[in-house]
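Asker: Sequence and predicted model, in that order:
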Amino acid sequence: MAVFVFLAVGAVLVLCVCTALLRWNEVRYMKKGLPPGTMGWPVFGETTEFLKQGPNFMKNQSARYGSFFKSHILGCPTIVSMDPEVNRYILMNEARGLVPGYPQSMLDILGKRNIAAVHGTSHKHMRGALLSLVSPTMIRDQLLPKIDRFMRSHLAHWDDGSIIDLQDKTKQMALLSSLMQIGIDSSSISQQFIPEFFKLVLGTLSLPIDLPGTNYRRGFQARKNIVGMLRELIEERRASQEAQNDMLGSLMRSDDNKYKLNDEEIIDQVITVMYSGYETVSTTSMMAMKYLHDNPSVLHELREEHLRIRAKKRPEDPVDWDDLKAMRFTRAVIFETSRLATVVNGVLRKTTKDMELNGFLIPKGWRIYVYTREINYNPRLYPDPLAFNPWRWLDKSAECRNYNLIFGGGTRQCPGKELGIAEISTFLHYFVTRYRWEEIGGDKLMKFPRVEAPNGLHIRVSPSC
């Protein structure tokens with residue numbers, strides 16, 4: 001009996017403490033003029049609910065508080081905006097105090113000089129440096145020929161009759177392609193680099209708790225290891241004085257490069273290029289294959305487009321710039337995949353001063369999460385939004401509409417957008433003209449916080465004829 005009473009009293013005390021902590025955290029952020037919402041626990045906020053429930057958490061909060069509400073996620077007090085017009089205003093007005101506001105874990109692991117972290121003059125300089133690497137001329141003359149050779153080789157033995165994990169294959173494809181373009185194609189360096197890079201990726205979406213065994217600690221240590229490898233590579237190249245025709249060589253070149261970067265900036269840009277390209281190219285490629293498999297009419301249209309291109313070429317002829325421009329339906333498939341899968345759920349901004357936004361007062365230093373996921377499923381903007389319909393993107397104006405934030409917006413639109421489209425298009429070209437495939441096992445897909453198949457996405461590949 002005494003034990004029962006003791007446990008009951010203990011349970012009541014724990015409940016009281018928890019209630020008091022939650023109430024204290026709400027009162028702490030109950031400033032005049034803030035939008036409605038909840039803040040969750042001290043320090044942790046509502047991060048657990050956000051990461052576990054994802055879109056359902058957002059829908060529940062917006063149902064209670066509207067399309068503009070406060071929360072506390074990923075270690076920061078945050079305003080969540082789900083309104084298309086407000087989101088566009090936020091993305092187009094960096095100069096008015098709405099600068100990038102990525103979580104501390106992402107800043108620590110990707111580097112404080114990466115293009116997503118800097119703003120103002122520094123951002124213009126970094127963006128100029130990156131755009132010079134992925135300009136249409138660079139894609140046409142240097143990058144596309146390399147991508148074509150890589151995709152031919154990478155896809156050469158996918159039809160051996162065994163079951164393959166498409167998720168692993170596309171991750172491997174995206175990372176190795178990125179390493180090749182940057183100039184890290186030595187097998188010895190790649191083998192050291194790849195496992196560290198996967199740890200880095202996991203650490204970017206974690207609470208910045210520096211304790212043994214946490215994804216943050218592993219990711220931060222992986223960054224240190226990668227920085228060491230890149231410094232060694234830069235020093236080796238300088239010592240050899242041999243010009244290299246790759247991204248790293250272009251970033252290091254000082255004589256004819258108006259966007260000169262120091263070594264810290266070069267390393268952070270290399271890590272960011274790999275990180276952003278890996279995440280978007282691998283996931284979009286996997287999901288495009290999934291949607292094509294589930295929608296035979298789309299697959300037929302796509303395959304016909306690529307067979308027409310192939311019919312004009314000898315078997316050994318590469319995909320060239322004119323071919324890429326002719327892949328209109330392929331481009332539409334990539335846009336529709338990015339919309340329906342929502343590879344990127346949103347972007348973060350931070351206020352540099354107290355400001356009024358959407359009729360509310362937002363304190364200096366708060367994050368604003370421009371949540372674009374629900375825009376992608378808005379039936380007023382995309383009729384029958386849950387249908388995979390690439391034809392909706394064949395209208396020339398579709399990519400330019402104000403609410404299309406699939407690749408970001410304003411001065412923060414993804415600088416590598418066209419390079420990523422070139423990679424995925426080349427991958428699809430060789431896959432659909434060489435192979436047919438069937439899914440094995442009906443693997444589960446998760447779409448938040450990252451799009452992934454927790455147990456893999458398994459397919460059996462066979463020759464197309």
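Answerer: Great, that's in hand.
Asker: What segments of the protein are strands?
Answerer: Per DSSP state E, the chain carries strands over the ranges 68-73, 76-81, 98-100, 163-165, 346-351, 355-357, 360-362, 367-371, 435-439, 458-463.
Asker: how about those strands, which one is nearest R237?
Answerer: Across the strands of the chain, R237 has its closest neighbour in strand 98-100 (30.3 Å, CB to CB). From N, CA and C alone the C-beta is placed, and that goes for glycine too.
Asker: where in this protein is pLDDT low?
Answerer: Under the criterion pLDDT under 70, the flagged ranges of the chain are 1-32, 41-43, 186-188, 254-257, 410-411, 465.
Asker: want to throw the strands of the chain into JSON lines with distance to P385 and mean neighbour count?
Answerer: Shown next, in JSON lines, are the strands of the chain (distance: least, CB to CB, whole Å; neighbours: other CB atoms under 10 Å):
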{"stretch": "strand 68-73", "distance to P385": "21", "mean neighbour count": "23"}
{"stretch": "strand 76-81", "distance to P385": "20", "mean neighbour count": "23"}
{"stretch": "strand 98-100", "distance to P385": "28", "mean neighbour count": "20"}
{"stretch": "strand 163-165", "distance to P385": "29", "mean neighbour count": "16"}
{"stretch": "strand 346-351", "distance to P385": "17", "mean neighbour count": "20"}
{"stretch": "strand 355-357", "distance to P385": "27", "mean neighbour count": "16"}
{"stretch": "strand 360-362", "distance to P385": "28", "mean neighbour count": "17"}
{"stretch": "strand 367-371", "distance to P385": "16", "mean neighbour count": "24"}
{"stretch": "strand 435-439", "distance to P385": "24", "mean neighbour count": "15"}
{"stretch": "strand 458-463", "distance to P385": "27", "mean neighbour count": "16"}
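Asker: and the nearest residue to N60 once chain neighbours are set aside, how many neighbours?
Answerer: Nearest non-adjacent residue to N60, counting by CB to CB, 6 or more residues apart in numbering: Q53, 7.7 Å away. Q53 has 15 neighbouring residues, counting by other CB atoms under 10 Å.
Asker: again, but for the one 4 residues further on
Answerer: Number of residues near F57 (other CB under 10 Å) recorded here: 19.
Asker: My guess is it contacts T47. True?
Answerer: No - F57 is beyond contact range of T47, at 10.3 Å (criterion: CB atoms under 8 Å).
Asker: L445 versus G128, what's the distance?
Answerer: 38 Å (CB to CB, to the nearest Å).
Asker: which of these two has more neighbours?
Answerer: Between G128 and L445, counting by other CB under 10 Å, L445 is the more crowded of the two (16 against 12).
Asker: all helices in the stretch 201-350 of the chain, in order from the N-terminus.
Answerer: 215-240, 247-252, 263-294, 296-311, 321-326, 328-341 (DSSP state H, counting those that start in this stretch).
Asker: Would you format the ones you listed as TSV with distance to F407 and mean neighbour count included?
Answerer: Shown next, in TSV, are those (distance: least, CB to CB, whole Å; neighbours: other CB under 10 Å):
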stretch	distance to F407	mean neighbour count
helix 215-240	25	16
helix 247-252	20	21
helix 263-294	9	22
helix 296-311	21	16
helix 321-326	17	16
helix 328-341	8	22
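Asker: TSV for the ones you listed, including distance to N404?
Answerer: TSV is the format used below for the helices of the stretch 201-350 of the chain (distance: least, CB to CB, whole Å):
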stretch	distance to N404
helix 215-240	32
helix 247-252	28
helix 263-294	16
helix 296-311	20
helix 321-326	20
helix 328-341	8
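Asker: of all the ones you listed, which lies closest to Y65?
Answerer: helix 328-341 (25.7 Å).
Asker: Show me what the closest one is packed up against.
Answerer: Helices and strands touching helix 328-341, by 3 or more CB pairs under 8 Å, 6 or more residues apart in numbering; DSSP states H and E, are helix 263-294, helix 296-311, helix 417-434.
Asker: Output those in a markdown table; the columns should cover distance to K146.
Answerer: Output for the helices and strands packed on helix 328-341, formatted as a markdown table (distance: least, CB to CB, whole Å):
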| stretch | distance to K146 |
| --- | --- |
| helix 263-294 | 14 |
| helix 296-311 | 19 |
| helix 417-434 | 10 |
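Asker: who wins for proximity to L166 among the ones you listed?
Answerer: Nearest to L166, of the helices and strands packed on helix 328-341 and by CB to CB, is helix 263-294 at 5.5 Å.
Asker: tell me the angle the closest one makes with helix 328-341.
Answerer: 100 degrees (axes from the mean of the first three to the mean of the last three CA atoms, to 10 degrees).
Asker: Measure how buried T433 is and give me the count.
Answerer: With other CB under 10 Å as criterion, T433 counts 14.
Asker: What's the separation between it and Q53?
Answerer: 41 Å.
Asker: Is A174 in contact with M274, as I believe?
Answerer: No - using CB under 8 Å, A174 is not in contact with M274; the gap is 9.3 Å.
Asker: follow-up on the earlier one: which of the helices of the stretch 201-350 of the chain sits closest to G409?
Answerer: helix 328-341 (13.9 Å).
Asker: so how far is the closest one off the chain centroid?
Answerer: Here helix 328-341 is found 15 Å from its chain centre; the criterion is CA atoms, centre = their mean, to the nearest Å.
Asker: what angle sits between that helix and helix 417-434?
Answerer: 110 degrees.
Asker: Give me the nearest residue to L248, chain neighbours excluded.
Answerer: G183 (4.1 Å).
Asker: L205 is in contact with R450, correct?
Answerer: Yes - proximity of R450 to L205 meets the contact threshold set by CB under 8 Å, at 7.2 Å.
Asker: okay, these two: which has more neighbours?
Answerer: Of the pair R450 and L205, L205 is the one with more neighbours under other CB under 10 Å, namely 17 against 14.
Asker: mind listing what that one touches?
Answerer: 51, 74, 103, 105-106, 449-450 (CB atoms under 8 Å, 6 or more residues apart in numbering).
Asker: Just the buried residues from the residues you listed, in ChimeraX please.
Answerer: Remark: buried members of the contacts of L205, expressed as a ChimeraX selection using 16 or more other CB atoms under 10 Å:
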select :51,74,103,105,106
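Asker: on that earlier part again, what's around the residue nearest to L248, how many residues?
Answerer: By other CB under 10 Å, neighbour count at G183 equals 20.
Asker: dump the residue contacts of it.
Answerer: 233, 244, 246-249.
Asker: ok, now with 7 Å
Answerer: Contact analysis of G183 by CB atoms under 7 Å, 6 or more residues apart in numbering lists 244, 246-249.
Asker: for L381, same thing?
Answerer: L381 neighbours (CB under 7 Å, 6+ apart): 375, 403.
Asker: ok, so what distance separates it from I334?
Answerer: Taken as CB to CB, the span from L381 to I334 is 19 Å.
Asker: Just list whatever residues bridge to V461.
Answerer: Going by DSSP bridges, V461 is paired in beta bridges with W437.
Asker: can you tell me how far A398 sits from G277?
Answerer: For A398, the distance to G277 - CB to CB - is 24 Å.
Asker: Skipping its backbone neighbours, what lies nearest N245 in space?
Answerer: Per CB to CB, 6+ apart, closest to N245 is Q142, 6.6 Å.
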